[in-house]
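Visitor: requesting a structural model of the entry that follows:
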Amino acid sequence: QEQLVESGGGLVQAGESLRLSCAARGLTFSNYQSAWFRQAPGKEREFVGSIRWTGGSANYADSVNGRFTISRDDAKNTMYLQMNSLKPEDTGTYYCAAVYYGANKYRHWGQGTQVTVST
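Guide: Residues are numbered from 1 along each chain as shown. Below you'll find the predicted structure:
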């Protein structure tokens, strides 16, 4: 059974960094496009960034471009989200997703990890 497990969330101050991890079980990241999303309290879930199955390129939402980086360690079957220069508006629950099937939809989702950025 496919499962995605996020970790690494926490409370940080504005300007600090955090790295989230997403470990996959039952599926192989290098076979599929995968992504990170986030949801702030009272708001809809939004796209953060995605990485192609080749692992060679990623694209990001304008709000995080230049501050966040998605990477993968295929030996560990784990995807990462490195978040630098964090802002209070980055606060939310972060979800990893895998197996893209069109229109920004993904078949498998993690349970989410909370990121809180204080001023």
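
Visitor: OK, contacts around the residue nearest in space to the middle of the chain?
Guide: By Cα atoms, centre = their mean, the chain has its centre lying nearest to Trp36, at 2.8 Å. Trp36 is in contact with 20, 22, 48-50, 68, 70, 79, 81, 94-97, counting by Cβ atoms under 8 Å, 6 or more residues apart in numbering. Where you see a C-beta, it was placed from the backbone N, CA and C, and this is true even at glycine.

Visitor: can you tell me which of those has the most neighbours?
Guide: Greatest neighbour count in these, by other Cβ atoms under 10 Å, goes to Cys96: 30 neighbours.

Visitor: quick check: longest strand in the chain by residues?
Guide: strand 92-102 (DSSP state E).

Visitor: now it, how far from the chain's geometric center?
Guide: 7 Å (Cα atoms, centre = their mean, to the nearest Å).

Visitor: just checking: what are the partner strands of it?
Guide: According to DSSP bridges, strand 92-102 forms sheet pairs with strand 34-39 (antiparallel), strand 105-109 (antiparallel), strand 113-118 (antiparallel).

Visitor: strand 34-39 and whatever helix or strand comes next after the first one, what's the angle between them?
Guide: Pointing back at strand 34-39 there. Counting by DSSP states H and E, the element after strand 34-39 in chain order, helix or strand, is strand 46-51. Relative orientation of strand 46-51 and strand 34-39, computed by axes from the mean of the first three to the mean of the last three Cα atoms, to 10 degrees: 160 degrees.

Visitor: list the contacts of strand 46-51.
Guide: Here strand 46-51 has contacts from 33-39, 57-61, 64, 68, 70-72, 79, 81, 94, 100, 104, using Cβ under 8 Å, 6+ apart.

Visitor: chain center to whichever helix or strand comes after that strand, what's the gap?
Guide: Past strand 46-51, heading to the C-terminal end, the next element that is a helix or strand (DSSP H and E) is strand 58-60. In this view, strand 58-60 has its centroid 11 Å away from the chain centroid, taken as Cα atoms, centre = their mean.
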